[in-house]
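1. Following is a predicted model, sequence given first.
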Amino acid sequence: MTGRSESLLARLADGSLHSGADLADRLGVSRAAVWKLVGELRARGVAVDSLPRRGYRLPTPIELLDPRRIADAAAAGGRMPLAGVEVLFEIDSTNTYLYDAPTPLPGHPRLAFAEIQSAGRGRRGRSWLAPFGSGLTFSLAWTFAETPAGLPALGLAMGVAVAEALRDFGVGEVRLKWPNDIVWHQRKLGGLLLQLRSESGGAACVVAGLGLNLSLPAEARARIAGEGALPVADLAEAMAGRPVGRNALAGTLAAAMLAALEEFGRCGFASFASRWAALDALAGARVRVEQGAEIVDGDACGTDAEGALLIRVAGQVRRFHSGDVSLRPATR
(Lines give C-alpha, C1' and ligand atoms only; values in the text may rest on other atoms or scores of the structure.)
Protein backbone atom coordinates (compact mmCIF):
# COMPACT_ATOMS: atom_id res chain seq x y z
CA MET A 1 0.00 0.00 0.00
CA THR A 2 1.49 3.30 -1.05
CA GLY A 3 1.43 6.45 1.05
CA ARG A 4 -0.84 8.05 -1.53
CA SER A 5 -3.42 5.28 -1.31
CA GLU A 6 -3.45 5.76 2.47
CA SER A 7 -3.89 9.50 1.91
CA LEU A 8 -6.78 8.73 -0.44
CA LEU A 9 -8.41 6.56 2.20
CA ALA A 10 -8.07 9.36 4.75
CA ARG A 11 -9.93 11.66 2.30
CA LEU A 12 -12.69 9.10 1.78
CA ALA A 13 -13.04 8.13 5.46
CA ASP A 14 -15.89 10.61 6.08
CA GLY A 15 -18.17 8.57 3.81
CA SER A 16 -19.01 11.62 1.69
CA LEU A 17 -18.86 11.70 -2.09
CA HIS A 18 -15.60 13.13 -3.44
CA SER A 19 -15.12 13.96 -7.10
CA GLY A 20 -12.17 12.50 -8.95
CA ALA A 21 -11.00 15.99 -9.88
CA ASP A 22 -11.02 17.18 -6.28
CA LEU A 23 -9.17 14.06 -5.06
CA ALA A 24 -6.59 14.40 -7.82
CA ASP A 25 -6.01 18.03 -6.90
CA ARG A 26 -5.66 17.36 -3.17
CA LEU A 27 -3.35 14.38 -3.68
CA GLY A 28 -1.29 16.06 -6.39
CA VAL A 29 -1.87 13.30 -8.95
CA SER A 30 -3.83 12.77 -12.16
CA ARG A 31 -7.40 11.48 -12.23
CA ALA A 32 -6.08 8.29 -13.82
CA ALA A 33 -3.77 7.89 -10.82
CA VAL A 34 -6.75 8.32 -8.48
CA TRP A 35 -8.46 5.42 -10.26
CA LYS A 36 -5.33 3.32 -9.83
CA LEU A 37 -5.18 4.16 -6.12
CA VAL A 38 -8.83 3.19 -5.74
CA GLY A 39 -7.89 -0.16 -7.28
CA GLU A 40 -5.12 -0.59 -4.71
CA LEU A 41 -7.59 -0.02 -1.89
CA ARG A 42 -10.09 -2.46 -3.34
CA ALA A 43 -7.38 -5.10 -3.78
CA ARG A 44 -6.80 -4.93 -0.03
CA GLY A 45 -10.44 -5.38 0.89
CA VAL A 46 -11.48 -1.74 1.22
CA ALA A 47 -14.86 -1.28 -0.45
CA VAL A 48 -14.94 1.94 -2.47
CA ASP A 49 -18.07 2.97 -4.35
CA SER A 50 -17.56 4.56 -7.76
CA LEU A 51 -20.38 6.73 -9.12
CA PRO A 52 -19.93 7.57 -12.82
CA ARG A 53 -19.17 11.26 -13.42
CA ARG A 54 -19.74 11.97 -9.71
CA GLY A 55 -16.81 10.51 -7.79
CA TYR A 56 -15.89 8.04 -5.06
CA ARG A 57 -16.96 7.29 -1.51
CA LEU A 58 -16.84 4.61 1.14
CA PRO A 59 -20.16 2.79 1.74
CA THR A 60 -20.08 3.99 5.36
CA PRO A 61 -17.85 6.44 7.25
CA ILE A 62 -14.91 4.95 9.13
CA GLU A 63 -12.95 6.41 12.03
CA LEU A 64 -9.38 5.56 11.15
CA LEU A 65 -7.05 4.70 13.99
CA ASP A 66 -4.66 7.42 15.14
CA PRO A 67 -1.85 6.93 17.70
CA ARG A 68 -2.36 10.32 19.36
CA ARG A 69 -6.12 9.92 19.68
CA ILE A 70 -5.67 6.43 21.14
CA ALA A 71 -3.22 7.74 23.75
CA ASP A 72 -5.47 10.72 24.53
CA ALA A 73 -8.46 8.43 25.02
CA ALA A 74 -6.56 6.36 27.57
CA ALA A 75 -5.46 9.46 29.45
CA ALA A 76 -8.97 10.94 29.41
CA GLY A 77 -10.31 7.78 31.04
CA GLY A 78 -7.82 8.10 33.90
CA ARG A 79 -6.15 4.86 32.83
CA MET A 80 -2.51 3.94 32.36
CA PRO A 81 -0.72 6.37 30.01
CA LEU A 82 0.11 4.87 26.65
CA ALA A 83 3.46 5.18 24.90
CA GLY A 84 5.05 3.30 22.04
CA VAL A 85 1.81 3.17 20.04
CA GLU A 86 2.03 2.27 16.34
CA VAL A 87 -0.82 2.18 13.82
CA LEU A 88 0.03 -0.03 10.86
CA PHE A 89 -2.24 0.24 7.88
CA GLU A 90 -1.64 -3.33 6.74
CA ILE A 91 0.23 -6.20 8.39
CA ASP A 92 0.06 -9.97 8.30
CA SER A 93 -0.38 -10.25 12.08
CA THR A 94 0.22 -7.73 14.85
CA ASN A 95 1.13 -10.61 17.18
CA THR A 96 3.77 -11.92 14.79
CA TYR A 97 5.05 -8.39 14.20
CA LEU A 98 5.70 -7.79 17.90
CA TYR A 99 6.81 -11.34 18.72
CA ASP A 100 9.51 -11.17 16.05
CA ALA A 101 10.62 -7.69 17.15
CA PRO A 102 13.28 -7.09 19.85
CA THR A 103 11.93 -7.74 23.33
CA PRO A 104 10.90 -4.46 24.99
CA LEU A 105 12.52 -3.45 28.25
CA PRO A 106 10.43 -3.80 31.43
CA GLY A 107 8.24 -0.73 31.82
CA HIS A 108 8.45 0.12 28.09
CA PRO A 109 5.65 -1.82 26.37
CA ARG A 110 5.01 -1.66 22.64
CA LEU A 111 1.54 -1.54 21.06
CA ALA A 112 0.70 -2.22 17.42
CA PHE A 113 -2.73 -1.59 15.91
CA ALA A 114 -3.70 -2.58 12.38
CA GLU A 115 -6.40 -1.39 10.02
CA ILE A 116 -5.98 -4.53 7.91
CA GLN A 117 -4.61 -7.89 9.07
CA SER A 118 -4.02 -10.32 6.23
CA ALA A 119 -3.11 -13.28 8.45
CA GLY A 120 -4.55 -12.56 11.88
CA ARG A 121 -4.62 -15.63 14.08
CA GLY A 122 -6.82 -17.01 16.80
CA ARG A 123 -6.20 -19.91 19.14
CA ARG A 124 -5.53 -23.45 17.81
CA GLY A 125 -4.22 -22.05 14.53
CA ARG A 126 -7.52 -20.56 13.42
CA SER A 127 -7.59 -17.42 11.31
CA TRP A 128 -9.11 -14.22 12.69
CA LEU A 129 -11.42 -12.67 10.12
CA ALA A 130 -11.74 -8.89 10.35
CA PRO A 131 -12.73 -7.11 7.12
CA PHE A 132 -11.55 -3.50 6.86
CA GLY A 133 -13.35 -1.20 9.30
CA SER A 134 -15.41 -4.00 10.86
CA GLY A 135 -13.35 -4.58 13.97
CA LEU A 136 -10.46 -3.64 16.20
CA THR A 137 -7.27 -5.67 16.12
CA PHE A 138 -4.11 -4.93 18.07
CA SER A 139 -1.30 -6.50 20.07
CA LEU A 140 0.92 -5.37 22.89
CA ALA A 141 4.32 -6.60 23.99
CA TRP A 142 5.18 -6.50 27.68
CA THR A 143 8.21 -7.73 29.63
CA PHE A 144 8.12 -8.90 33.23
CA ALA A 145 11.51 -8.32 34.86
CA GLU A 146 10.96 -11.61 36.70
CA THR A 147 8.63 -14.38 35.60
CA PRO A 148 5.52 -14.09 37.80
CA ALA A 149 4.01 -17.07 39.55
CA GLY A 150 1.07 -18.69 37.82
CA LEU A 151 2.04 -17.38 34.38
CA PRO A 152 -0.17 -19.95 32.55
CA ALA A 153 -3.23 -18.14 33.97
CA LEU A 154 -2.22 -14.79 32.46
CA GLY A 155 -4.62 -15.19 29.54
CA LEU A 156 -7.57 -15.42 31.94
CA ALA A 157 -6.44 -12.25 33.70
CA MET A 158 -6.24 -10.44 30.37
CA GLY A 159 -9.77 -11.58 29.58
CA VAL A 160 -10.96 -10.05 32.85
CA ALA A 161 -9.31 -6.75 31.93
CA VAL A 162 -11.00 -6.68 28.51
CA ALA A 163 -14.44 -7.65 29.82
CA GLU A 164 -14.34 -5.09 32.64
CA ALA A 165 -13.16 -2.37 30.26
CA LEU A 166 -15.97 -3.17 27.84
CA ARG A 167 -18.50 -2.96 30.66
CA ASP A 168 -17.09 0.42 31.67
CA PHE A 169 -17.42 1.43 28.02
CA GLY A 170 -21.13 0.66 28.14
CA VAL A 171 -21.28 -2.91 26.82
CA GLY A 172 -23.55 -4.79 29.21
CA GLU A 173 -23.61 -8.56 29.79
CA VAL A 174 -20.07 -9.23 28.55
CA ARG A 175 -18.81 -12.59 29.78
CA LEU A 176 -15.77 -14.84 29.32
CA LYS A 177 -15.55 -18.36 27.95
CA TRP A 178 -12.44 -20.31 28.93
CA PRO A 179 -9.74 -19.80 27.95
CA ASN A 180 -9.77 -16.71 25.72
CA ASP A 181 -13.18 -15.85 24.26
CA ILE A 182 -15.04 -12.61 24.94
CA VAL A 183 -18.75 -13.44 24.65
CA TRP A 184 -22.08 -11.66 24.68
CA HIS A 185 -25.28 -13.70 25.01
CA GLN A 186 -23.18 -16.84 24.44
CA ARG A 187 -21.93 -15.50 21.09
CA LYS A 188 -18.35 -14.57 20.35
CA LEU A 189 -17.60 -10.86 20.50
CA GLY A 190 -13.82 -11.20 20.42
CA GLY A 191 -10.84 -13.25 21.40
CA LEU A 192 -7.36 -13.07 22.89
CA LEU A 193 -4.17 -14.77 21.75
CA LEU A 194 -1.11 -14.83 24.03
CA GLN A 195 2.41 -15.82 23.09
CA LEU A 196 4.97 -16.20 25.87
CA ARG A 197 8.76 -16.24 25.91
CA SER A 198 10.37 -16.73 29.29
CA GLU A 199 13.66 -17.69 30.94
CA SER A 200 13.81 -19.91 33.99
CA GLY A 201 14.04 -17.60 37.00
CA GLY A 202 14.45 -14.56 34.76
CA ALA A 203 12.51 -12.21 32.53
CA ALA A 204 9.36 -13.14 30.65
CA CYS A 205 7.95 -11.43 27.58
CA VAL A 206 4.31 -11.72 26.57
CA VAL A 207 2.66 -10.63 23.35
CA ALA A 208 -1.09 -10.33 23.84
CA GLY A 209 -3.33 -9.85 20.83
CA LEU A 210 -6.99 -8.85 20.88
CA GLY A 211 -9.49 -9.09 18.06
CA LEU A 212 -12.90 -7.51 18.64
CA ASN A 213 -15.92 -7.41 16.34
CA LEU A 214 -17.34 -3.91 15.94
CA SER A 215 -19.76 -4.20 13.02
CA LEU A 216 -19.44 -7.36 10.96
CA PRO A 217 -20.96 -7.44 7.48
CA ALA A 218 -23.22 -10.34 6.54
CA GLU A 219 -20.59 -11.92 4.27
CA ALA A 220 -18.08 -12.10 7.12
CA ARG A 221 -20.66 -13.64 9.44
CA ALA A 222 -21.41 -16.30 6.85
CA ARG A 223 -17.73 -17.15 6.42
CA ILE A 224 -17.20 -17.45 10.18
CA ALA A 225 -20.28 -19.67 10.52
CA GLY A 226 -18.93 -21.84 7.71
CA GLU A 227 -15.76 -22.49 9.72
CA GLY A 228 -17.77 -24.09 12.52
CA ALA A 229 -16.83 -21.45 15.07
CA LEU A 230 -19.04 -20.03 17.80
CA PRO A 231 -21.97 -17.88 16.67
CA VAL A 232 -20.71 -14.30 16.40
CA ALA A 233 -21.80 -10.99 17.87
CA ASP A 234 -20.51 -7.47 17.43
CA LEU A 235 -20.52 -4.24 19.42
CA ALA A 236 -23.07 -2.66 17.10
CA GLU A 237 -25.74 -5.02 18.42
CA ALA A 238 -24.34 -5.28 21.95
CA MET A 239 -24.59 -1.49 22.27
CA ALA A 240 -27.98 -1.32 20.54
CA GLY A 241 -26.65 0.76 17.68
CA ARG A 242 -24.98 3.43 19.80
CA PRO A 243 -21.91 4.74 17.95
CA VAL A 244 -18.55 3.31 18.97
CA GLY A 245 -15.47 5.52 18.63
CA ARG A 246 -12.68 3.22 17.50
CA ASN A 247 -9.89 5.37 18.96
CA ALA A 248 -11.67 5.81 22.29
CA LEU A 249 -12.31 2.08 22.52
CA ALA A 250 -8.74 1.26 21.50
CA GLY A 251 -7.30 3.52 24.19
CA THR A 252 -9.64 2.14 26.85
CA LEU A 253 -8.86 -1.50 26.08
CA ALA A 254 -5.11 -1.11 25.64
CA ALA A 255 -4.69 0.80 28.88
CA ALA A 256 -6.80 -1.75 30.77
CA MET A 257 -4.72 -4.63 29.42
CA LEU A 258 -1.45 -2.93 30.34
CA ALA A 259 -2.73 -2.20 33.84
CA ALA A 260 -3.71 -5.86 34.19
CA LEU A 261 -0.21 -6.97 33.18
CA GLU A 262 1.28 -4.70 35.83
CA GLU A 263 -1.16 -6.04 38.44
CA PHE A 264 -0.46 -9.65 37.45
CA GLY A 265 3.27 -9.03 37.89
CA ARG A 266 2.62 -7.93 41.49
CA CYS A 267 -0.16 -10.29 42.56
CA GLY A 268 -0.43 -13.13 40.05
CA PHE A 269 -3.79 -14.67 39.20
CA ALA A 270 -4.99 -14.39 42.82
CA SER A 271 -5.98 -10.78 42.12
CA PHE A 272 -8.18 -11.89 39.20
CA ALA A 273 -9.58 -15.29 40.23
CA SER A 274 -12.85 -14.14 41.80
CA ARG A 275 -13.41 -11.58 39.05
CA TRP A 276 -12.93 -14.24 36.39
CA ALA A 277 -15.37 -16.54 38.18
CA ALA A 278 -17.98 -13.77 38.21
CA LEU A 279 -17.61 -13.42 34.44
CA ASP A 280 -17.50 -17.15 33.61
CA ALA A 281 -20.11 -17.69 30.87
CA LEU A 282 -20.28 -21.46 31.47
CA ALA A 283 -20.20 -21.61 35.28
CA GLY A 284 -22.08 -24.74 36.39
CA ALA A 285 -23.15 -25.56 32.84
CA ARG A 286 -23.05 -28.95 31.20
CA VAL A 287 -20.17 -28.78 28.73
CA ARG A 288 -18.26 -30.86 26.21
CA VAL A 289 -14.47 -30.85 26.12
CA GLU A 290 -12.62 -32.15 23.09
CA GLN A 291 -8.90 -32.80 23.38
CA GLY A 292 -7.46 -34.64 20.42
CA ALA A 293 -9.52 -37.79 19.96
CA GLU A 294 -10.94 -37.62 23.50
CA ILE A 295 -14.43 -36.21 24.07
CA VAL A 296 -15.58 -35.58 27.64
CA ASP A 297 -18.98 -34.37 28.87
CA GLY A 298 -19.24 -32.94 32.35
CA ASP A 299 -20.14 -29.98 34.54
CA ALA A 300 -17.98 -26.85 34.38
CA CYS A 301 -16.45 -25.99 37.77
CA GLY A 302 -14.41 -22.90 36.88
CA THR A 303 -10.62 -22.87 37.01
CA ASP A 304 -7.81 -23.56 39.45
CA ALA A 305 -5.04 -21.17 40.53
CA GLU A 306 -3.03 -21.98 37.39
CA GLY A 307 -5.90 -21.22 35.04
CA ALA A 308 -6.65 -24.85 34.19
CA LEU A 309 -10.25 -25.69 33.35
CA LEU A 310 -12.02 -27.84 35.95
CA ILE A 311 -14.69 -30.30 34.79
CA ARG A 312 -16.64 -32.65 37.05
CA VAL A 313 -16.95 -36.00 35.28
CA ALA A 314 -18.67 -38.94 36.96
CA GLY A 315 -18.10 -37.43 40.40
CA GLN A 316 -14.44 -36.61 39.87
CA VAL A 317 -12.89 -33.26 38.93
CA ARG A 318 -10.54 -33.29 35.94
CA ARG A 319 -8.13 -30.55 34.90
CA PHE A 320 -7.61 -29.38 31.33
CA HIS A 321 -4.96 -26.92 30.15
CA SER A 322 -5.70 -24.71 27.15
CA GLY A 323 -3.35 -26.24 24.54
CA ASP A 324 -5.40 -28.11 21.97
CA VAL A 325 -8.66 -28.07 23.92
CA SER A 326 -12.09 -27.16 22.57
CA LEU A 327 -14.84 -26.23 25.03
CA ARG A 328 -18.54 -26.03 24.11
CA PRO A 329 -21.90 -26.25 25.85
CA ALA A 330 -22.93 -29.94 25.75
CA THR A 331 -25.85 -31.01 23.60
CA ARG A 332 -28.39 -32.77 25.74
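-> Yep, that arrived.

2. By mean pLDDT, which helix or strand of this structure comes out lowest?
-> None of the helices or strands of the chain scores lower by mean pLDDT, DSSP states H and E than helix 218-226, at a mean of 69.

3. List of residues touching the next helix or strand after it?
-> Toward the C-terminus, helix 218-226 is succeeded by helix 235-238 as the next helix or strand (DSSP states H and E). Helix 235-238 is contacted from outside by 171, 172, 173, 174, 184, 189, 212, 213, 214, 215, 244, 249, using CB atoms under 8 Å, 6 or more residues apart in numbering. Using the backbone N, CA and C atoms, a C-beta is placed for each residue, glycine as well.

4. again, 7 Å this time
-> With contact meaning CB atoms under 7 Å, 6 or more residues apart in numbering, helix 235-238 is reached by 171, 184, 189, 213, 214, 215, 244.

5. now swap in stretch 74-85 and tell me
-> By CB under 7 Å, 6+ apart, stretch 74-85 touches 67, 70-71, 108-111, 251-252, 254-256, 258-259.

6. can we see that at 10 Å?
-> Contact with stretch 74-85 is made by 65-73, 104, 107-113, 138, 140-141, 165, 168-169, 247-248, 250-262, as judged by CB atoms under 10 Å, 6 or more residues apart in numbering.

7. what does stretch 10-24 give?
-> Contact with stretch 10-24 is made by 7-8, 25-27, 29-35, 37-38, 41, 46, 48-51, 53-64, 66, 133, as judged by CB under 10 Å, 6+ apart.

8. make it 6 Å
-> Residues outside stretch 10-24 that contact it (CB atoms under 6 Å, 6 or more residues apart in numbering): 30, 31, 34, 55, 56, 57, 58, 60, 61, 62, 64.

9. Please apply the same query to stretch 312-321.
-> For stretch 312-321, contacts defined as CB under 6 Å, 6+ apart pick out 289, 296, 298, 299, 301, 308, 309, 310, 311.

10. quick one: which two of those are the most distant?
-> 299 and 308 (15.6 Å; CB to CB).

11. can you map out the helices along the stretch 101-250 of the chain?
-> 154-168, 218-226, 235-238, 246-267 (DSSP state H, counting those that start in this stretch).

12. between these, which one is nearest to residue 198?
-> So among these, helix 154-168 is nearest, using CB to CB, at 10.7 Å.

13. By neighbour count, which bits of the closest one are buried? Give me those.
-> 154-166 (16 or more other CB atoms under 10 Å).

14. In CSV, list the residues you listed along with pLDDT and distance to residue 282.
-> Formatted as CSV, those follow (pLDDT from 0 to 100; distance: CB to CB, whole Å):
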residue, pLDDT, distance to residue 282
154, 96, 20
155, 95, 16
156, 97, 13
157, 97, 18
158, 98, 18
159, 98, 13
160, 98, 15
161, 97, 20
162, 98, 17
163, 97, 14
164, 97, 19
165, 95, 21
166, 96, 18
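
15. This completes my enquiry, with thanks.
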